[in-house]
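Asks: Fold the stuff below for me.
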Amino acid sequence: MSKRISSRYPWLNECSAQLARYIEQDRLPSAIMLVGEKGLGLATLAEDFARTVFCAKLDPNGLTCGSCQACLLFKAGSYPDYFHLIPEEGKSSIRIDAIRQLTASLSLNNQYLKPRIVIINPADALLHQAANSLLKTLEEPSDNTCLILVTHDLSNISATIRSRCQLLVVNHIELKKAQQWLESLGCDSAKQYLRLANNAPLFAQELWQKEALTAHNALFNDFVKLIKGQVDPLLFAEHCFSQQQLPMINWMLSWLADVIKVLLQTKTERIADIDLLADLKVIAERLHLESIYEIMDSLTKINQLEQSQVNQQLMLEEMAIQCYSLTVNKGKS
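Replies: Have a look, this model is predicted:
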């Protein structure tokens, strides 16, 4: 019987098929690392994999029955051989205490004959001591146990941990299926929302639910006015700060990346926001290449510090003033 994972996200079929092969061959690795951008649904895929492993009555296609004891316990969140480690509420990291508790649990025998599944999401949230403690578990894996580490940034995972995992990297997704999935939910602008979300379907869904396309277009119009010196930079920063729940910094970085492509006379099909080409050319006329890189550097720093206590509005104001002054200076040169 050729099994497949009962995955909720069709754009991950390729990765799902690889996980299904592990089940079909009855040879689960001691550790798997799922690697991909945020918003792809990798953690959900890991959960679907666990549910498939546990199910006692897979149908002829290898899909979970939903009615056996294992399926019912998993749905209730009480399956005894399943562990899902995430940061504590209000925290951004996984501490060593959580790994110690996991290690103690794994030292006991399985309660079922099926393999135990441990999901750590995201693995790059492990603090240094926690990562070192996990490494010991990976070096001496427990019998009949499979650890699944989900990460969105492989560079934050130590080489020693990576080397002990089977890597499944999602470099691209089936965009057509992602678009069809969004459309099935009732999204009439699926293609545009996928573009706004950098092709991350779950982020696209979130943006659609927030009606972010209108906010995106309004911000772009204000951004063009800022570059043209037609809007107060402090008001622009205030507007950005009031919309922090949207990825406005990433949008501005994307526009500036497109402006660079315009300046370098890149083929238009490589421009992400091709619908904005006319205004992108206007920005290109008012900014030097060096100035664009300076602005992008400031925006990147804001993104990197978004979890800290730094005054976000102040940084946005400094960035907006920087945009305004750089364009004015170009006009005088």
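
Asks: I'd assumed residue 15 was in a strand, is it?
Replies: No: judged by DSSP: H, G, I helix; E, B strand; the rest coil, residue 15 forms no part of a strand; its state is helix.

Asks: Surely it and residue 173 touch.
Replies: No: look at residue 15 against residue 173 with Cβ atoms under 8 Å: they stay out of range, at 9.1 Å. Yep, even glycine has a C-beta here, placed from its N, CA and C like the rest.

Asks: For residue 109, report the pLDDT, please.
Replies: On pLDDT, residue 109 comes in at 91.

Asks: Relative to residue 118, how far out is it?
Replies: Separation of residue 109 from residue 118 (Cβ to Cβ, to the nearest Å): 15 Å.

Asks: between those two, who's got more neighbours?
Replies: Set residue 109 next to residue 118 and count neighbours by other Cβ atoms under 10 Å: residue 118 wins out with 23 against 9.

Asks: Next, that one: secondary structure please.
Replies: Residue 118 is classified as strand under three-state DSSP.

Asks: now residue 146
Replies: strand.

Asks: Contacts for the helix or strand of the chain with the lowest mean pLDDT, please.
Replies: Each helix and strand of the chain was given a mean pLDDT (mean pLDDT, DSSP states H and E); the minimum falls on helix 312-332 at a mean of 81. For helix 312-332, contacts defined as Cβ atoms under 8 Å, 6 or more residues apart in numbering pick out 226-229, 233-234, 236-238, 240-241, 244, 286-288, 291, 294-295, 298-299, 301-302, 305-306.

Asks: And those residues, which of them are buried?
Replies: Buried positions within the contacts of helix 312-332, assessed by neighbour count (16 or more other Cβ atoms under 10 Å), are 226-228, 233, 236-237, 240-241, 286-287, 291, 294-295, 298-299, 302.

Asks: Which pair in those residues has the greatest spatial separation?
Replies: 241 and 286 (24.1 Å; Cβ to Cβ).

Asks: The stretch 101-250 of the chain: strands as residue ranges?
Replies: 116-120, 145-151, 166-169 (DSSP state E, counting those that start in this stretch).

Asks: partners of the last one, with directions?
Replies: Sheet pairing for strand 166-169, assigned by DSSP bridges, gives strand 31-35 (parallel).
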